[in-house]
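**Q** Requesting a structural model of the entry that follows:
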Amino acid sequence: MGIANCIFSQNIQFVVKNASISLPKGINGIRKAPLLVMLGFAILGILLGDWGSFEGLGVSLGILILASVTAFLRKWSLRFVSIGACVTTLLFFVLQIGELRHAQRFPIAEELSQGETVEITGKGWIASPVREFHRSSSMTVMLESLSMDGKTFSCRQKVPCRIEKLVTGLEYGSRIEFEGLMIPLEGPGSPGAFDAKAFYFRQLGALGSLRIRHGDPVRVLEERVGSPLVASALKLRSHLEDGLQRGLPEDVRDYAHLIAAMTLGARENSPEELEELFRLSGTMHLFAVSGLHVGVVAYILFMTALWMRFPKRRAVLIVIPLILFYALLTGLRPSAVRAAIMLSVFLGGIAISEQARVLNSLGLAGLIILLIHPQDLFRAGFQLSFAVLFCIAVLAPGLKGLLSKPFLTDPFIPRSLLSFRQRSGNWLAHLIAGALALSICAWMGSAGLLSAHFQSLAPIGVIANLFMIPIASMIICVAMVGFICQGLHLGWLLVLMNKLNVGLAIILTMMAQYFSTLPNANFHTGGPGGEKPVEELRLEILGQNGDSAILISMPGVEEKFWVIDSGGVRTYQNELLPLLRKKGINRLEGAFITHGDSGHIGAMPVLLETVRPKVLIEPNAKNRARSYPDILRKAEAFDIEKRQVSAGDVPLETDGVKIVVLSPNGSGTGRLADDRALVLLVEYKGWRILLTSDAGFDTEKELIEAGRNLSADVWIRGQHNALPSGLEEFVSEVDPRIVVSSHSDYPVSEIISESLRENLKRRGTSLFTLDKAGMVTLSAKSGSLVVNPYSNPDSGVELTEQE
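**A** Coordinates of the predicted model:
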């Protein structure tokens, strides 16, 4: 975070110093924007409501402010402003208190707050688009009533819901009866990871999530509820999304999904690897419907209305409801809703006055958004939107003048005396300087917040946006033409537009890939956290539902980092990547591939592109994983050394750390990928850590028969896909004092066997499972080895002597 904030502050100082002529105008603009000032007091009221424990605090504070301020004001106009500020503060204080109390009035709020899972039956309706997976679906459900222990409670509370089976007829507005579990929402399972507890509380006011298991009954009732307008918009979105794929071959469908995400907010099917390219190039805002997209749509609609000879103000009144409907069309994506409200307010200002004040419109938009949902204040998207627009409004005019001044002709020369070349040069200088000023100010406005929320910055975005925004705008325009063709049943023209748009999407993706690979294009800034002792080896073990990734921090003054597997795409995005960001890790010394399992190496191509390890170590065995060819391409593209190892090899011996390969033996005879998994022994300061990945019965028998010394203080293991693992004879050979294991209730192959649990219990071996513990940290130094689960640090175990 320190790096980003330093860059941010230096940029601010530069602009303030060099744009001294225009900055006072920006400050005067703030003074002339009373609604922006009111927004500041609204934010104060929400913060007081969030921090205060009782209403008397806000009332007392409001009276104190009102009495102290108005007592010293002589002008009635200033007294009126101060009274308005106090009223605004108190109003939003009360609104925030109401939001918090509504959540606490949920019938089982106390049980959920104490971490209890509650079995319920209930009724409700689906209040969001339904996201379907292979064998399950997720959505937001508005609970209307729930029953437990023979008692029925009425309520009105939105909760996230997951149905772990296929149910037909689920869509927005469907009313359902169900049995299931209300599960407390959990915080992040690792540093920097997604915080479901905070996210859903701020978004929905929810304290728990609804889980309808495979055996739980769920029935879709005939009646429909919810907004008919929203239901119609979502059906239209589905229809338009199908139209975007019409006439396209299968091999370019990913680009059609990209276009759907950019134009309709339909990110459910968008490829993760494409999203990562946009993130790395600092253009992630192009991937989701936001201000740019809504602005382009509004411009198209506005120009169409003017072309149809509507007066300017009437055209504005036509455009406003259409862009609000466009927000509905995106599935009510928060970024699209914010952009639609802000643009509607600005256009409304134009309809009322020819010279609408941008900062005043910004303040009014913020007040409307927070009036609808005060909790939006705590969301990164809201903060970024307003910080970026504020910086653009205040700093961009001065910066544009600063950048264009050296390239402009003398302003005292009459325009009529300028040649065509000079006039063209002036026009081009204004255009480029304006675009660059917007890009710089947008980056400056977002740098500190991006560092604070995501520990990641992409300075290359300042340049990338200059080239990619015009292409993205063209994609939106072509998609709009395609939608019109679809409505007019011009199938041949729709197919033509789709093919043209795919070509533009390919160009846009190539640009994102190019900019993301430039030196210092992006970096992880790191966040606050404790320092690791110099003479300490640390392993941080991640993974859910059978995925696995391990980050190794080597001892030494200059930390060197390795990874063992990347995890699947979901584990990488939700756990490993946030951990790398949090630690400020931008380069790796090396990476291990244990075996060809998508849950272990599915995200390895993205990891190689992001942190580019110097060496890639894999077992000398066949790898049939779908991601493996891409891994080889990335390794070659980034000049990463590839090394194959077999039993007996020592691929790493540095800083007192020794990693020995125990399996496979090089024959590669295993039928399944799990049978060819890399088994490693890590040794440091007398401590022994055994990593068996997903090895099963056959590998364990081979290791025993080979007569290797398998004894270890800590055993880190996964689950074999088909065969049992953790044989009693193998456990006796290893004789671990601590076991860290993957575990998941579904599928069955990821469940730890009861026989292994009982065996470990008899031996007095501590067992940590990743589903309950979250990330498990193993810290080893001379005379001490500590294992700590992130989700419950108090249950950690320390070994103080080697046996």
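
**Q** can you pull the contacts of residue 701?
**A** Contacts were defined as CB atoms under 8 Å, 6 or more residues apart in numbering; by that measure residue 701 touches 727, 730. Bear in mind the C-beta positions are built from the backbone N, C-alpha and C, glycine included.

**Q** what mean pLDDT would you report for the host helix or strand of it?
**A** Applying DSSP states H and E as the criterion places residue 701 in helix 697-705. Averaged over helix 697-705, pLDDT sits at 91.

**Q** so what strands line up beside the helix or strand just after that helix?
**A** Of the helices and strands lying after helix 697-705 in sequence (DSSP H and E), the nearest is strand 714-717. Note on strand 714-717: by DSSP bridges, its sheet partners are strand 687-693 (parallel), strand 738-741 (parallel).

**Q** any idea how far residue 606 is from residue 742?
**A** Look at residue 606 and residue 742: by CB to CB, to the nearest Å, they are 21 Å apart.

**Q** and what of residue 552?
**A** Relative to residue 742, residue 552 is positioned 18 Å away (criterion: CB to CB).

**Q** can you pull the contacts of residue 178?
**A** Residue 178 sits in contact with 121-124, 210, 212, 216-219, where contact means CB under 8 Å, 6+ apart.

**Q** Tell me the buried residues within these.
**A** With neighbours counted using 16 or more other CB atoms under 10 Å, the contacts of residue 178 contain these buried positions: 122-124, 210, 212, 216, 218.

**Q** Turn these into a markdown table, including pLDDT, distance to residue 425 and secondary structure.
**A** Converted to a markdown table, those look like this (pLDDT from 0 to 100; distance: CB to CB, whole Å; DSSP: H, G, I helix; E, B strand; the rest coil):
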| residue | pLDDT | distance to residue 425 | secondary structure |
| --- | --- | --- | --- |
| 122 | 94 | 69 | strand |
| 123 | 94 | 69 | strand |
| 124 | 94 | 64 | strand |
| 210 | 96 | 63 | strand |
| 212 | 94 | 66 | strand |
| 216 | 92 | 70 | coil |
| 218 | 93 | 68 | strand |
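
**Q** mind listing what's buried in the lengthiest helix in the chain?
**A** Using DSSP state H, we find that the single longest helix of the chain is helix 420-454. Judged by neighbour count (16+ other CB under 10 Å), helix 420-454 contains these buried residues: 426, 429-430, 433-451, 453-454.

**Q** cool, stretch 581-591 as well?
**A** By neighbour count with 16+ other CB under 10 Å, stretch 581-591 contains the buried residues 581-586, 588-591.

**Q** Stretch 342-359 too?
**A** Neighbour-count burial for stretch 342-359, counted by 16+ other CB under 10 Å, picks out 342-351, 357-359.

**Q** With stretch 107-121 instead?
**A** 107-109, 111-112, 118, 120.

**Q** Might you calculate how far that stretch sits from the centre of the chain?
**A** Relative to the chain's own centre, stretch 107-121 is displaced by 28 Å; criterion: CA atoms, centre = their mean, to the nearest Å.

**Q** Leaving out the residues flanking it, which one is nearest to residue 347?
**A** residue 316 (4.8 Å; CB to CB, 6 or more residues apart in numbering).

**Q** in terms of contact, does the one you found touch residue 302 like I think?
**A** Yes: Residue 316 is within contact range of residue 302, at 7.3 Å (criterion: CB atoms under 8 Å).

**Q** which one of the buried residues of stretch 342-359 sits closest to residue 242?
**A** Residue 242 lies nearest to residue 343 out of the buried residues of stretch 342-359, by CB to CB, at 27.8 Å.

**Q** Provide a list of residues in contact with the closest one.
**A** Residue 343 neighbours (CB under 8 Å, 6+ apart): 291, 294-295, 298, 323.

**Q** So residue 88 versus residue 366, what's the distance?
**A** Distance from residue 88 to residue 366, counting by CB to CB: 11 Å.

**Q** Between those two, which has more neighbouring residues?
**A** Regarding residue 88 and residue 366, a neighbour count based on other CB atoms under 10 Å identifies residue 366 as having more, with 28 against 22.

**Q** where's the more buried one, which helix or strand?
**A** Assigned by DSSP H and E, residue 366 belongs to helix 358-372.

**Q** Three-state assignment for residue 626, please.
**A** Classification of residue 626 by DSSP: H, G, I helix; E, B strand; the rest coil places it in coil.

**Q** so it sits right up against residue 604, yeah?
**A** No: using CB under 8 Å, residue 626 is not in contact with residue 604, being 11.3 Å away.

**Q** which of these two has more neighbours?
**A** With other CB under 10 Å as the criterion, residue 626 and residue 604 differ in neighbour count, and residue 604 comes out ahead with 28 against 10.

**Q** ok, for the more buried one, nearest residue in space, not its chain neighbours?
**A** Among residues not flanking residue 604 along the chain, residue 566 sits closest, at 4.4 Å (CB to CB, 6+ apart).

**Q** ok, the one you found touching residue 598?
**A** No: here residue 566 lies out of contact with residue 598, judged by CB under 8 Å, at a distance of 10.4 Å.

**Q** And this structure, what are its domain boundaries?
**A** Described in terms of automatic domain parsing, the domain architecture of the chain consists of the residue ranges 2-104, 109-226, 283-378, 534-799.

**Q** Reformat the ones you listed as TSV; add distance to residue 510.
**A** Supplementary listing: the domains of the chain in TSV, determined by distance: least, CB to CB, whole Å:
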stretch	distance to residue 510
domain 2-104	28
domain 109-226	29
domain 283-378	13
domain 534-799	14
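
**Q** Which one, of those, ends up nearest to residue 483?
**A** With respect to residue 483, and counting by CB to CB, the nearest of the domains of the chain is domain 283-378 at 9.8 Å.

**Q** hmm, back to that, now the longest helix of the chain, how far from the chain's geometric center?
**A** Remark: helix 420-454 is offset 26 Å from the chain centroid, using CA atoms, centre = their mean.

**Q** so who does residue 205 touch?
**A** Residues counted as contacts of residue 205 (CB under 8 Å, 6+ apart) are 99, 102-103, 157-158, 375.

**Q** what sits against residue 144?
**A** Going by CB under 8 Å, 6+ apart, the list of residues near residue 144 reads 122-125, 154-156.

**Q** Likewise for residue 486?
**A** Residues touching residue 486, when contacts are defined by CB under 8 Å, 6+ apart, comprise 239-240, 243, 246, 494.

**Q** In terms of helix, strand or coil, where does it fall?
**A** Three-state assignment for residue 486 (three-state DSSP): helix.

**Q** Equivalent analysis for residue 192, please.
**A** Taken by three-state DSSP, the conformation at residue 192 corresponds to coil.

**Q** Quick check: it touching residue 455?
**A** Yes: under the criterion of CB under 8 Å, residue 192 makes contact with residue 455 at 6.2 Å.

**Q** Could you tell me which residues touch both of those two?
**A** Counting by CB under 8 Å, 6+ apart, the residues touching both residue 192 and residue 455 are 527, 578, 581-582.

**Q** just to revisit the earlier point, what about the domains of the chain, which gets the closest to residue 267?
**A** With respect to residue 267, and counting by CB to CB, the nearest of the domains of the chain is domain 283-378 at 6.7 Å.

**Q** Report the separation between the two terminal residues of the closest one.
**A** Here the two ends of domain 283-378 are set 23 Å apart, with distance taken as CA to CA, to the nearest Å.

**Q** as a whole number, average confidence for that domain?
**A** Confidence for domain 283-378, expressed as mean pLDDT, is 87.

**Q** so which strand or helix has residue 153?
**A** Using DSSP H and E, residue 153 sits within strand 151-163.
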